[in-house]
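>>> What shape does this take:
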Amino acid sequence: MRSRVVVPVVLALLLLLLQWQLWNGRGSVRDVAQLEDKLATQKAANAKAAVTNDRLASEVRDLREGLEMVEERARQELGMVKPNEVFVQITR
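Next up, the predicted model:
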């Protein structure tokens with residue numbers, strides 16, 4: 001009669017132990033959810049960095065290809081003008 005009680009109790013304890021591991025142990029549901037959140041954040045940061053890298057690579061390629069881009073950047077950023085050229089700035 002005693003063995004009939006012991007087996008279900010042991011099985012119930014094993015089930016509780018497995019449930020505890022699932023919810024609180026290493027690799028638990030909570031840990032996996034946190035890692036998925038971190039992964040999504042990192043993927044978004046990587047996508048943003050890839051866009052920036054592509055833009056910078058395009059700009060470098062343009063600068064290497066010709067002086068027109070250099071001239072345009074000098075005019076926009078430094079306000080440079082060619083000889084015999086008049087610079088007119090209209091502000092609103």
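>>> and Gln89, helix, strand or coil?
Local secondary structure at Gln89 is given as coil here, using DSSP: H, G, I helix; E, B strand; the rest coil.
>>> cool, Glu85 as well?
coil.
>>> Counting by contacts, list what the longest helix that the chain contains packs against.
When the chain is parsed with DSSP state H, its longest helix is helix 29-65. When contacts are defined as 3 or more CB pairs under 8 Å, 6 or more residues apart in numbering; DSSP states H and E, helix 29-65 sits against helix 2-24, helix 67-78. For the C-beta atoms, the positions are set from N, CA and C on the backbone; glycine is no exception.
>>> quick one: buried residues of the helix or strand of the chain with the lowest mean pLDDT?
Lowest by mean pLDDT, DSSP states H and E among the helices and strands of the chain is helix 67-78, with a mean of 79. Neighbour counts over helix 67-78 (16 or more other CB atoms under 10 Å) mark no residue as buried.
>>> Now tell me what touches that helix from outside.
The contact list for helix 67-78, computed with CB atoms under 8 Å, 6 or more residues apart in numbering, reads Asp62, Leu63, Met80, Val81.
>>> what about Val88, distance to Asp37?
Using CB to CB, to the nearest Å, Val88 is found at 54 Å from Asp37.
>>> and those two? which has more neighbours close in?
Neighbours were counted for Val88 and for Asp37 using other CB atoms under 10 Å; Asp37 has more, 10 against 4.
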